[in-house]
Structures are given as C-alpha cells and as structure tokens.
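Peer 1: no sequence on this one, just coordinates:
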C-alpha cells in the first residue's frame, strides 16, 4: 500500500483560500487514483474530490464544485486540493485517499485502500 501525508490545513476567514497537499510514498502514486474526503465533528466522512491516475479525469462533490480544484503532479508523488471561497461549513478534518480503483475513491470511504492522517481546516465567519 501507499503511505499518505497531508499538509496545508489551517485557520482561514470565510471567503479565503487554502491549498492542501498530499505526498505519497512507498509506491508510485501514478499507480493510484487519488482523492480527498472530509469529516466534521459528529458527522460521517464524506467525499470531496477525486482524480484519475494520469490526472485526466476529476470528480467533485456538489457542495464544492466550482470552488475546489483537485490536481496532481506524479513526478512529485503529490496531489493537491486548491480550496477557494471557503465557508464555515467547509470546516473539517481533510483526509487524502488512494486506491487503484477510481470508482472506489469516488464512492468511499468504505473500501478505500489507503488514508492519510488528516489535516484540519477551520473557516471562521
């Protein structure tokens, strides 16, 4: 399995932006579809965005489409989540996810092979 480490979380005011990064190690990240999930206190982990192995296809939850952009740099084994126009309801721990099957990444969190430890994003109003 691939090991994942997220970074880039923090505190931001509503309307602001953050960029999360996830570095993969242990396996070539190009072998994996990648994605981001988030989990707010007392809520289930929910899908945010996913990207195919080569980066040619991307998928988004309706709640973030048009505000968030997922991308990847396979030469750096890194996937990014650019978040803009952040709102208080975006406050959550954000988790990087990886699986060889893109469908699994988009329909998780059950069955996803690898997870990062999470990075906290807090949006103040």
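Peer 2: Sure, I can see it. Every value quoted in this text rests on a predicted model; they were computed, and no experiment measured them.

Peer 1: so where is this protein shaky, pLDDT-wise?
Peer 2: Within the chain, not a single segment meets pLDDT under 70.

Peer 1: how about the helices in it?
Peer 2: Ranges of helices within the chain are 102-106, based on DSSP state H.

Peer 1: For residue 89, give me its contacts.
Peer 2: Contact partners of residue 89, counting by CB atoms under 8 Å, 6 or more residues apart in numbering, are 63, 123. All C-beta atoms are positioned from the backbone trio N, CA, C, and that covers glycine.

Peer 1: Roughly how far does it sit from residue 66?
Peer 2: Residue 89 is 15 Å from residue 66, where distance means CB to CB, to the nearest Å.

Peer 1: Also residue 119?
Peer 2: Going from residue 119 to residue 66 by CB to CB gives 22 Å.

Peer 1: Repeat that for residue 12.
Peer 2: Distance from residue 12 to residue 66, by CB to CB: 18 Å.

Peer 1: Tell me which residues touch the residue nearest the centre of the chain, please.
Peer 2: For the chain, the residue sitting closest to the mean C-alpha position, by CA atoms, centre = their mean, is residue 36 at 2.0 Å. Taking CB under 8 Å, 6+ apart, we find residue 36 in contact with 20, 22, 48-50, 70, 79, 81, 94-97.

Peer 1: what does residue 5 give?
Peer 2: Taking CB under 8 Å, 6+ apart as the test, what residue 5 contacts is 22-23, 25, 96, 116-117.
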